[in-house]
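Trainee: Let me see the structure of the following:
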Amino acid sequence: MAHINVLDPSASPLDYYGYELRRHREAAGLTQRQLGDIINYTGSLVGQIETARKLPTEPFSERVDAALGTGGLLTRLLGLVLRSQLPAWFQQVAELEARATEIATFQTHMVHGLLQTDAYARAVLGAMDRRKLDDRTTVRLARQRILKKERPPVFWAILGEAALRQEVGGPGVMREQLARLLSYEDEPLVNVQVLPFAAGAHAGLTGSFTVYRFADDPTILYTEGYGQGHPTANPDTVKNCSLRYDHLQATALSIKDSAALIRRTMEECHGEQQLSPDGRSLA
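Mentor: You can find the predicted model right below:
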């Protein structure tokens, strides 16, 4: 167990965060309990984060920055901290996401992580392993910060219809997840298309993949297996899958028609009720 007197700020981003939190708190002349009272968290939690035993969250970081006048230091560090907690094989993907100017992904049966709700992500991550599920969910959702930064990437997501109908987490979780997808309907930088079952044979039958494009670096193709990722900048492979993506976009429903299919799926499969103007069910 880490001890506050021997915490090494160079050991990891999490240790550095804890070191800076403690340094600024002590400079303000506050105990852990006093700081906790100010930001509406327990002093025990402040201590756990200071000693790198607990992951900080965005609300915690923002409140501490405001309380201690750090100029947003901890909030800026948070992305680095959470990215460092990803599995080692996936950290490169998070780096690609953070640097990309455009991300184009095709997912056969699952909603992409950048679009997942808390409950959906928790259900996916907990399917085989529920250890540290809160922290693992926080880390996954932290990747979505790239969609809110000052210059976010253009994000294209083509989802197989199976991703809408696979009941991950139960009807309530799926209703919320599909509603999240619909929330991007009028967002020009986040575009969701659905590849319907009716499309039949298509260019993505080989499996899911993601293409990352950058302002000054070569395009990267990323595919994934069980517990391992496969990024490549091989020009022939990238060209092949970029062409596949073009064909998938042409085969998929338009953004408007995709939203209509998502709504129908909510009604048919996940208990969504149509309401009259006065709020009464029409079913």
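
Trainee: C-alpha from now on. contacts and neighbour counts both.
Mentor: Will do.

Trainee: for the protein, what are the low-confidence residue spans?
Mentor: For the chain, applying pLDDT under 70 flags the ranges 1-6, 271-283.

Trainee: at 50 instead, please
Mentor: Applying pLDDT under 50 to the chain flags residues 1-4, 272, 274-283.

Trainee: can you map out the helices along it?
Mentor: Applying DSSP state H to the chain gives helices spanning 13-27, 32-39, 43-50, 58-68, 73-84, 88-99, 118-125, 133-142, 161-165, 171-182, 235-251, 255-269.

Trainee: residues of the third one that come out buried?
Mentor: Along helix 43-50, these residues count as buried under the neighbour rule (16 or more other Cα atoms under 10 Å): 43, 45-50.

Trainee: Could you name the helices and strands sitting against it?
Mentor: helix 13-27, helix 32-39 (3 or more Cα pairs under 8 Å, 6 or more residues apart in numbering; DSSP states H and E).

Trainee: which residues touch it?
Mentor: 4, 15, 17-19, 21-22, 32-37, 54-56 (Cα atoms under 8 Å, 6 or more residues apart in numbering).

Trainee: Closest one to Q107 out of those, please.
Mentor: Sorting those by distance to Q107 puts L55 at the head of the list, at 29.5 Å, by Cα to Cα.

Trainee: is it possible to export the buried residues of helix 43-50 to a markdown table including distance to F214?
Mentor: Listed next are these as a markdown table, based on distance: Cα to Cα, whole Å:
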| residue | distance to F214 |
| --- | --- |
| G43 | 43 |
| L45 | 39 |
| V46 | 38 |
| G47 | 40 |
| Q48 | 38 |
| I49 | 35 |
| E50 | 36 |
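
Trainee: Closest one of the residues you listed to D217?
Mentor: Nearest member of these to D217, counting by Cα to Cα, is I49, at 36.5 Å.

Trainee: Pull up the gap between that closest one and R23, please.
Mentor: 13 Å (Cα to Cα, to the nearest Å).

Trainee: and what of E268?
Mentor: For E268 relative to R23 (Cα to Cα), the value is 55 Å.

Trainee: what about stretch 113-128, how long is it end to end?
Mentor: Taking Cα to Cα, the first and last residues of stretch 113-128 lie 17 Å apart.

Trainee: what's that stretch in contact with?
Mentor: For stretch 113-128, the external contacting residues (Cα under 8 Å, 6+ apart) are 133-134, 136-137, 140-141, 143-144, 168-169, 173-174, 176-177, 180-181.

Trainee: How about that stretch, which residues are buried there?
Mentor: By neighbour count, with 16+ other Cα under 10 Å as the criterion, the buried positions of stretch 113-128 are 114-126.

Trainee: Correct me if wrong: T251 contacts F197.
Mentor: No - judged on Cα atoms under 8 Å, T251 makes no contact with F197 at a distance of 11.0 Å.

Trainee: quick one, which of the two is more surrounded?
Mentor: Neighbours were counted for T251 and for F197 using other Cα atoms under 10 Å; T251 has more, 17 against 11.

Trainee: Quick check: the gap between the more buried one and L159.
Mentor: 12 Å.

Trainee: Can you pull the residues that touch both of those two?
Mentor: Common neighbours of T251 and L159 (Cα under 8 Å, 6+ apart) are L195.

Trainee: Grab the nearest non-local neighbour of L21.
Mentor: Spatial nearest neighbour of L21, excluding adjacent residues (Cα to Cα, 6 or more residues apart in numbering): E50 at 6.2 Å.

Trainee: For R213, which of the helices of the chain is the nearest?
Mentor: For the helices of the chain, proximity to R213 was assessed by Cα to Cα; helix 88-99 is nearest, at 8.8 Å.

Trainee: Does anything pack onto the closest one? Which helices or strands?
Mentor: For helix 88-99, the contact count by 3+ Cα pairs under 8 Å, 6+ apart identifies helix 73-84, strand 228-232 as packing neighbours.
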